[in-house]
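Asker: Sharing a model that was predicted from the sequence below.
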Amino acid sequence: ADLPCAISTSICLNLETICSAPNPRLAMFSSSCWGQFSQINRYKKSRQVITEAKAVLGGNAHEASPGGTSDLPVLMASTQGVNIQAADFARAPLKTQRPSFIENDARAFAILMPDNSMTPRFDAGDMLYVSPARSLDGGNVDVVLERSNGGFVIGSVVSLTADAVRIATLSPRARESYDRAKLRGIYRIVGVQRLGG
């Protein structure tokens, strides 16, 4: 049987492995990270991908994804200890296949959507591909904000000035402003792999 999606399989298997077995990587996970996994795991597609991947791979979650190398770091909203500007992702909890549209961006990464705040555009569990090299110009720009004190926020740009960025969420509809001096970076979302819902 073919895997339904190599990227989904890689992420779901790694999440299940991290969350179900004693592992030295557990030290870098916070309680909010576990909460994100629990929310993602509630979705039928994510559970289905884990089950199908285990059947195809014989339960070996550490095997490389079919069709390519797993070199794209995958973050969660609570991930800390990465340096995106320096492309230092040693503390990224997961890796997946790098899609061709970001293959030449060393600072590119993926992040798992932690909740339903951007539904219907993104669902909890979706993997968002992010390119720090891409411009924030244009309309309907979805972004990942990296907080100086750690962690990430996902939303759509409402306004962007030298001093602040205002983003919107879709569910519930809300707007929030962030002081740019308290952010390490603002990065454009350039693609999505549906895992949730």
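Answerer: It's in.
Asker: Distance of residue 137 relative to residue 152?
Answerer: Between residue 137 and residue 152 the computed distance is 21 Å (C-beta to C-beta, to the nearest Å). In short, each C-beta sits where N, CA and C put it, glycine included.
Asker: no, scratch that, I was asking about residue 114
Answerer: Counting by C-beta to C-beta, the gap from residue 114 to residue 152 is 9 Å.
Asker: Return every residue with contacts to both of these two.
Answerer: Shared contacts of residue 114 and residue 152, defined by C-beta atoms under 8 Å, 6 or more residues apart in numbering, comprise residue 77.
Asker: hmm, back to that, neighbour count winner among residue 137 and residue 152?
Answerer: Neighbours around residue 137 and residue 152, counted as other C-beta atoms under 10 Å, are more numerous at residue 152. The numbers are 24 against 9.
Asker: Counting neighbours, what do you get for residue 194?
Answerer: Count around residue 194 with other C-beta under 10 Å applied: 15.
Asker: What of residue 163?
Answerer: Residue 163 has 9 nearby residues by other C-beta under 10 Å.
Asker: go on, residue 165?
Answerer: 21.
Asker: what lines up beside the helix or strand encompassing it in the sheet?
Answerer: Using DSSP states H and E, residue 165 sits within strand 164-170. Strand 164-170 has the following sheet partners, assigned by DSSP bridges: strand 152-160 (antiparallel), strand 173-179 (antiparallel).
Asker: Mean pLDDT and distance to residue 83 for those strands - can I get that in a markdown table?
Answerer: Listed next are those as a markdown table, based on pLDDT from 0 to 100; distance: least, C-beta to C-beta, whole Å:
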| stretch | mean pLDDT | distance to residue 83 |
| --- | --- | --- |
| strand 152-160 | 96 | 13 |
| strand 173-179 | 97 | 20 |
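Asker: now those in JSON lines, with distance to residue 129?
Answerer: Formatted as JSON lines, these follow (distance: least, C-beta to C-beta, whole Å):
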{"stretch": "strand 152-160", "distance to residue 129": "12"}
{"stretch": "strand 173-179", "distance to residue 129": "22"}
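Asker: Name the stretch among these that sits most buried.
Answerer: Comparing the strands paired with strand 164-170 by mean neighbour count (mean count of other C-beta atoms under 10 Å), strand 152-160 ranks first with a mean of 19.
Asker: In contact with the residue lying closest to residue 126 once chain neighbours are set aside, which residues?
Answerer: Excluding the flanking residues, the one nearest residue 126 by C-beta to C-beta, 6 or more residues apart in numbering is residue 113, at 4.5 Å. In this structure, residue 113 makes contact with 122, 123, 124, 125, 126, 127, 128, 154, 196, judged by C-beta under 8 Å, 6+ apart.
Asker: doesn't residue 115 make contact with the second one?
Answerer: No. In this structure, residue 123 sits apart from residue 115 without contact. The criterion is C-beta atoms under 8 Å, and the distance is 9.3 Å.
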